[in-house]
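Visitor: Next come a sequence and a model predicted from it.
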Amino acid sequence: MHDRRVCIRFYQELNFFLDTSQQKHDLETPVAPGQTVKDLIESFGVPHVEVDLILVDGEPVDFSG
């Protein structure tokens, strides 16, 4: 089975929700089959309601992507 991984980065005030070691840089993380962007964001402890913009490869997406 192929391990799917993505890089995620949180900007500005969203860093408040992260551990100091996770702030202000790219975070590589595995993605489970069927895991949504919303699930991924919340897995870092960041409430999705605090997120104003999500970019995937430079393109805006919604939480279902």
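Guide: Yes, it's here. Treat the numbers as computed from the prediction; the structure is a model and nothing was measured.
Visitor: which stretches of the protein have low pLDDT?
Guide: Scanning the chain for pLDDT under 70 picks out 1-2, 65.
Visitor: where exactly do the strands run in it?
Guide: With strands called from DSSP state E, the chain shows them at 5-8, 27-30, 55-56, 59-60.
Visitor: Relative to Ser43, which of the ones you listed is closest?
Guide: With respect to Ser43, and counting by Cβ to Cβ, the nearest of the strands of the chain is strand 27-30 at 7.5 Å. Using the backbone N, CA and C atoms, a C-beta is placed for each residue, glycine as well.
Visitor: what comes up buried for the closest one?
Guide: Neighbour counts over strand 27-30 (16 or more other Cβ atoms under 10 Å) mark no residue as buried.
Visitor: May I have the strands that pair with that strand, each with its orientation?
Guide: strand 5-8 (antiparallel) (DSSP bridges).
Visitor: Now render the strands of the chain as a markdown table, adding distance to Ser21.
Guide: Listed next are those as a markdown table, based on distance: least, Cβ to Cβ, whole Å:
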| stretch | distance to Ser21 |
| --- | --- |
| strand 5-8 | 14 |
| strand 27-30 | 9 |
| strand 55-56 | 23 |
| strand 59-60 | 28 |
